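[1] with the input below, show me the fold.
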Amino acid sequence: MRDRPAGITEPDLERTLADGWGLRAVAFRYVPVGAGSYHWAVRGDQGERRFVTVDDLGSKAWLGRTRPAVFAGLRAAMDAAVTLRRDVGLGFVVAPVPALDGETVRPLGARHAVTVFPFLRGAAGRWGEALPAPDRDELAAMLAALHRADPARVRLRRCETALPRRGDLETALRELGQPWPGGPFAEPARELLAGAAGQVRRSLETLDRWASRGAAAGEAVITHGEPHPGNIMRVPTMTTGTTGMMLIDWDTVGLAPPERDLWMLAGGTGDELRRYTELAGRPVDRTALELYRLRWALDDTCYFIRDFRAPHRRTAGTEHTWQSLERTITGLAEEDL
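    Take a look at the predicted model:
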């Protein structure tokens with residue numbers, strides 16, 4: 001997130017880290033990366049370094065409809081990451097550091113939650129960039145290992161294909177003929193959506209049609225949910241001096257058909273999916289791939305439109321969201337459904 005969270009101060013965070021993790025922070029550095037969470041690099045008084053994430057419990061609708069439900073869902077996701085790394089042995093999982101009481105997530109006021117992670121020396125990629133072939137091959141192996149893990153080892157619910165914020169988008173589509181007063185990007189967002197309204201409605205109909213035909217009704221495995229380059233880090237390997245790939249941001253982990261992850265792996269040649277099938281021992285459903293690809297674009301559209309219809313200001317964060325909305329709408333307009 002480019003913008004800092006409203007209503008959260010570093011003294012608030014300092015107290016939570018001390019009470020929950022026994023971490024007495026002496027230095028904070030806000031890290032404006034990713035989407036959906038706020039991050040700080042923190043150094044403790046013993047020289048230890050941690051990567052601290054703060055989540056707004058009102059902004060993760062896929063985890064629940066209320067703040068308590070989102071908190072419970074976030075904790076279940078972080079617990080699953082710990083289990084996958086510690087008990088299942090998936091070393092590429094970047095799992096949180098449990099608090100002194102063993103909990104993976106702790107509250108910060110009524111609206112936010114805090115999670116603490118190891119500080120990794122490395123660099124993540126960027127959403128939309130192409131991974132080189134060796135990295136795609138490595139990601140295929142990672143996803144195959146994740147999908148082979150026994151779902152009974154974690155307490156996760158099956159992910160729905162329904163869009164949590166679909167109502168916001170449908171309301172916006174009905175109100176294209178009147179001004180949107182939310183802020184500086186409200187009217188540009190209305191005009192952008194108006195120009196693509198027909199395609200957006202057809203995309204929603206296509207998603208419904210594929211879902212009704214059971215395109216996402218296959219066997220559920222443990223899926224990451226967002227294994228794109230922005231959630232892949234290359235970090236040094238102490239034993240060999242080389243670098244290894246790690247998967248970060250497990251708040252979207254859930255039970256679903258493997259295609260929920262695999263559409264992000266698929267390249268033009270199909271080599272990655274053939275490699276995945278070889279390692280995982282399961283075929284890939286091409287219709288399910290397209291369902292999850294379309295669902296991603298529509299889900300993003302729902303959130304971006306909701307944000308711009310709500311009160312907002314021009315900031316680095318809203319500038320980034322606007323650029324993302326433009327790319328997403330352009331992509332939907334180019335879909336041949």
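
[2] what strand or helix carries Asp135?
    helix 133-148 (DSSP states H and E).

[3] which other helices and strands does the next helix or strand after that helix contact?
    Heading C-terminal from helix 133-148, the first helix or strand you meet, by DSSP H and E, is helix 166-174. Taking 3 or more C-beta pairs under 8 Å, 6 or more residues apart in numbering; DSSP states H and E as contact, the helices and strands that helix 166-174 lies on are helix 186-195, helix 197-212, helix 286-309. Where you see a C-beta, it was placed from the backbone N, CA and C, and this is true even at glycine.

[4] neighbouring contacts of stretch 269-284?
    133, 136-137, 139-141, 143-145, 147-148, 219, 258-259, 262, 265-266 (C-beta atoms under 8 Å, 6 or more residues apart in numbering).

[5] filter those down to the buried ones.
    Buried members of those, scored by 16 or more other C-beta atoms under 10 Å, are 136-137, 139-141, 143-145, 147-148, 258-259, 262, 265-266.

[6] quick one: the strands in the stretch 201-337 of the chain, in order.
    221-223, 232-236, 243-247, 254-256 (DSSP state E, counting those that start in this stretch).

[7] before we move on, what about the stretch 1-150 of the chain?
    Using DSSP E, counting those that start in this stretch, strands in the stretch 1-150 of the chain cover 25-31, 38-44, 49-56, 106-108, 112-118, 123-124.

[8] ok, the residue nearest to Arg155 when sequence neighbours are not counted to Leu255 distance?
    Using C-beta to C-beta, 6 or more residues apart in numbering and skipping the chain neighbours, the partner closest in space to Arg155 is Ala76 (5.5 Å). The gap separating Ala76 from Leu255 is 11 Å, by C-beta to C-beta, to the nearest Å.

[9] shared neighbours, those two?
    Leu156.

[10] number of residues surrounding Ala124?
    Residues lying near Ala124 (other C-beta atoms under 10 Å) number 19.

[11] give me the residues contacting the helix holding Asp135.
    Against helix 133-148 from outside (C-beta under 8 Å, 6+ apart): 84, 90, 92, 131, 221-224, 227, 232, 245, 247, 258, 261-262, 265, 267, 271-273, 275-276, 279-280, 282.

[12] want to throw the helices and strands packed on helix 166-174 into JSON lines with distance to Arg43, mean neighbour count and mean pLDDT?
    Below are the helices and strands packed on helix 166-174 laid out as JSON lines (distance: least, C-beta to C-beta, whole Å; neighbours: other C-beta atoms under 10 Å; pLDDT from 0 to 100):
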{"stretch": "helix 186-195", "distance to Arg43": "40", "mean neighbour count": "17", "mean pLDDT": "97"}
{"stretch": "helix 197-212", "distance to Arg43": "45", "mean neighbour count": "16", "mean pLDDT": "95"}
{"stretch": "helix 286-309", "distance to Arg43": "33", "mean neighbour count": "21", "mean pLDDT": "96"}
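
[13] Arg153: which of those is closest?
    Evaluated over these, closeness to Arg153 peaks at helix 286-309, with 23.3 Å, by C-beta to C-beta.

[14] CA atoms only: put that closest one into CSV for me.
    Extracted C-alpha coordinates of helix 286-309, given in CSV (Å, rounded to 0.1, in the frame of the first residue of the first chain):
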residue,chain,number,x,y,z
ARG,A,286,-8.5,-25.3,-19.4
THR,A,287,-12.0,-23.9,-18.8
ALA,A,288,-11.3,-23.6,-15.1
LEU,A,289,-8.1,-21.7,-16.0
GLU,A,290,-10.1,-19.2,-17.9
LEU,A,291,-12.7,-18.9,-15.2
TYR,A,292,-10.1,-18.0,-12.6
ARG,A,293,-8.4,-15.6,-15.0
LEU,A,294,-11.7,-13.8,-15.6
ARG,A,295,-12.7,-13.9,-12.0
TRP,A,296,-9.4,-12.1,-11.0
ALA,A,297,-10.1,-9.2,-13.4
LEU,A,298,-13.7,-8.8,-12.3
ASP,A,299,-12.8,-9.1,-8.6
ASP,A,300,-10.2,-6.3,-9.1
THR,A,301,-12.7,-4.2,-10.9
CYS,A,302,-15.2,-4.6,-8.1
TYR,A,303,-12.7,-3.4,-5.5
PHE,A,304,-11.3,-0.5,-7.6
ILE,A,305,-14.7,0.8,-8.5
ARG,A,306,-15.8,0.6,-4.9
ASP,A,307,-12.8,2.6,-3.8
PHE,A,308,-13.3,5.4,-6.3
ARG,A,309,-17.0,5.7,-5.5
